[in-house]
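Colleague: structure, please.
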Amino acid sequence: MTDRLAPLITVTELRLQAVKDGNDWTDYEEVMEAELDAQRRASAEKDEEIEEAHQLRERLVELLTGVAAGLKGEPPPDTLHDWSGLPRLAAQVVQERDRLAASLQEVRERKDQRINELIQRNEAMRILTEELQARIANALL
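Modeller: Numbers count the residues shown, from 1 in each chain. Predicted structure coming up:
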């Protein structure tokens, strides 16, 4: 018997039981209608949960597709990148970023050191120039 017929059999069985018990079978029918209404509400709630899960899945697909394209480049038309290696690839990108940031910091520090050396030389040259100008001026007097 199919699942679709199962509620009909249940209602029939309840009607027979009502007659055996000496009750009016419509009392059972009202109970069954109330139960069916509750089941419909529960089913509607489940449908909403399924729709929310579907929307979340679609958003995650969109995000993972974007991350994969960002890390691996755009895939060929009508294909998607494999997502299984994304955590490893992202970790590699972060390591490379950190390595490059450290290297850039070293370059900046060397540049700053060289600028300071040039400033000191410039100051020394300024002082020497002033001393020479003073000597020349004294010699000419």
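Colleague: against A101, how distant is V94?
Modeller: 10 Å (Cβ to Cβ, to the nearest Å). Placement of C-beta: from N, CA and C, glycine included.
Colleague: typo on my end, it should be A139
Modeller: Taking Cβ to Cβ, one finds A139 at 56 Å from A101.
Colleague: and these two? Which one has more around it.
Modeller: Per other Cβ atoms under 10 Å, whichever of A139 and A101 has more neighbours is A101, with 10 against 7.
Colleague: so the more buried one, which state does it fall into?
Modeller: Secondary structure, DSSP: H, G, I helix; E, B strand; the rest coil: A101 is helix.
Colleague: mind giving me the packing neighbours of the helix or strand hosting A53?
Modeller: Per DSSP states H and E, A53 falls inside helix 25-72. Other elements packing on helix 25-72 under the criterion 3 or more Cβ pairs under 8 Å, 6 or more residues apart in numbering; DSSP states H and E are helix 6-20, helix 86-140.
Colleague: can you give me the neighbour number for H81?
Modeller: Neighbours of H81 (other Cβ under 10 Å): 19.
Colleague: distance of the closest residue to it other than its chain neighbours from P77?
Modeller: With sequence-adjacent residues excluded and distances taken as Cβ to Cβ, 6 or more residues apart in numbering, H81 is closest to A68, at 3.8 Å. Distance, A68 to P77, by Cβ to Cβ: 15 Å.
Colleague: what about the two, which has more around it?
Modeller: In this view A68 and P77 are compared by other Cβ under 10 Å, and A68 has more residues nearby, 19 against 5.
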